[in-house]
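# All I have is the shape, not the residue letters:
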């Protein structure tokens, strides 16, 4: 019989095990992992550098179909400010303290936080060593098929018994790493509600006529998500063009609800201001100064040459000289530079999405992330209906939700004793 069994040895599962055993070394903790090693998804995060967190932890950087403000108040924390303290009343430690103790030194690059080694693999190796040091039992290549409960005892696959179970299975993104969505089935079997699940932090496919010509182009732009003609969100940063899609961090941050909108037959477009530092009038005056240039050559004085050619083609001004355009036509060119639209036809799927939007409803859990439907059942990380923007937010939620649950389990154990 185990005191706590954690399903999933990703970021949240490992952190939960470490937080439990650090505070109570006598606890019998079992970590179950379907892969042959821990942290398979963690090892590819941040392009292999492992973006561990962000110095801006305001709640506006997180999303949920539940009311996050209400949930924050239940947790008794300010702005999801997990950097120094998790719970003002219980004086819980920051997850950075845990990372540093298990051998992960932190460094900062702008607002992004990384391991000092800049290698995700060193984080995984540090976790392995510290789990071994704390004598956490780990079973690899163990596939959980079912979880049931008989009186006060959870039974996993008819062969593992545990007083407490923590579901840390992740969502559905990157299924090749083991994130198949099985955790949703476990929690649903105990009466929990699963919101609609969509791929998020992913590329957006477009039917823009000249998209193949733009493959490999990168531009800095103010980028907006338009839904049925209304601007829903706006991001500023680099956009990357592929042979059939728009990519880059700002596109990822706009992608969260796109699949849902498309399923509702709404018209979704991405609008880009390709020259945010200049007004339309300033651009018009500048372009007009190159009156003897072909339009695409004049535009290439401002933007990437491939984009300049694509815009000239789209407006049917290929090979036209700037001086051959009348005022209205030149106005249209400048309008396009400030308002270039791309019709969106689809998003990347779960194989390419960094995160799953949606999950198990938050309001069905206590402030300690214990199920309100089944005593002793906890959920942490991506399986819950919380997802963040690019920039370390999802890993910080994975780590911190794990610590919140671990502290609640320890509190329960202390009260019983």
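On my side now, so go ahead. The structure displayed is predicted, hence computed values, not measured ones. Numbering: from 1, shown residues only.
# contacts and neighbour counts: CA atoms only from here.
Noted.
# Report the distance from stretch 12-31 to the chain centre.
Offset of stretch 12-31 from its chain centre (Cα atoms, centre = their mean, to the nearest Å): 25 Å.
# brain fart, stretch 188-205
Distance, centroid of stretch 188-205 to centroid of chain: 12 Å (Cα atoms, centre = their mean).
# Could you do stretch 187-203 as well?
Distance, centroid of stretch 187-203 to centroid of chain: 14 Å (Cα atoms, centre = their mean).
# Return the set of buried residues in it.
187, 192, 193, 194, 195, 197, 198, 199, 200, 201, 202, 203 (16 or more other Cα atoms under 10 Å).
# ok, now stretch 141-151?
144, 147, 149.
# quick check, nearest of those residues to residue 315?
Distance to residue 315, by Cα to Cα, is smallest for residue 144 among these, at 57.0 Å.
# Surely that closest one is in contact with residue 34?
Yes - the pair residue 144 and residue 34 qualifies as a contact (Cα atoms under 8 Å) at a distance of 7.5 Å.
# Now do the SS call for residue 113.
strand (DSSP: H, G, I helix; E, B strand; the rest coil).
# quick one, what contacts residue 184?
Residues near residue 184 by Cα atoms under 8 Å, 6 or more residues apart in numbering: 171, 194, 359, 360, 383.
# List only buried entries from those residues.
171, 194, 359, 360, 383.
# Most widely separated two among these?
Farthest pair in the buried ones among the contacts of residue 184, by Cα to Cα: 171 and 194, 11.3 Å.
# Need the single longest strand in the chain, by residues.
Using DSSP state E, we find that the single longest strand of the chain is strand 230-241.
# Name the residues contacting each of residue 171 and residue 194.
Common contact partners of residue 171 and residue 194 (Cα under 8 Å, 6+ apart): 184, 359.
# Let me see the domain layout of this protein.
For the chain, the domain assignment from automatic domain parsing gives the residue ranges 2-198+355-416, 204-347.
# any idea which of the ones you listed is most buried?
domain 2-198+355-416 (a mean of 20; mean count of other Cα atoms under 10 Å).
# I'd like the distance from that domain to the chain centre, please.
Counting by Cα atoms, centre = their mean, domain 2-198+355-416 is centred 14 Å from the centre of its parent chain.
# Check what contacts stretch 135-151 and list those residues.
Defining contact as Cα under 8 Å, 6+ apart, one finds that stretch 135-151 is touched by 7, 17-18, 21, 28-38, 154-157, 186.
# Narrow the residues you listed to those in strands?
Per DSSP E, these map to strands at 7, 29, 30, 31, 32, 154, 155, 156.
# Would you mind putting the residues you listed into TSV with distance to residue 243 and pLDDT alongside?
Below are the ones in strands among the contacts of stretch 135-151 laid out as TSV (distance: Cα to Cα, whole Å; pLDDT from 0 to 100):
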residue	distance to residue 243	pLDDT
7	39	97
29	48	97
30	46	98
31	42	98
32	40	97
154	50	97
155	49	97
156	46	97
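# quick one: which of these is nearest residue 402?
Closest to residue 402, out of all of those and judged by Cα to Cα, is residue 7, at 12.1 Å.
# Could you check how far that closest one is from residue 50?
Separation of residue 7 from residue 50 (Cα to Cα, to the nearest Å) stands at 22 Å.
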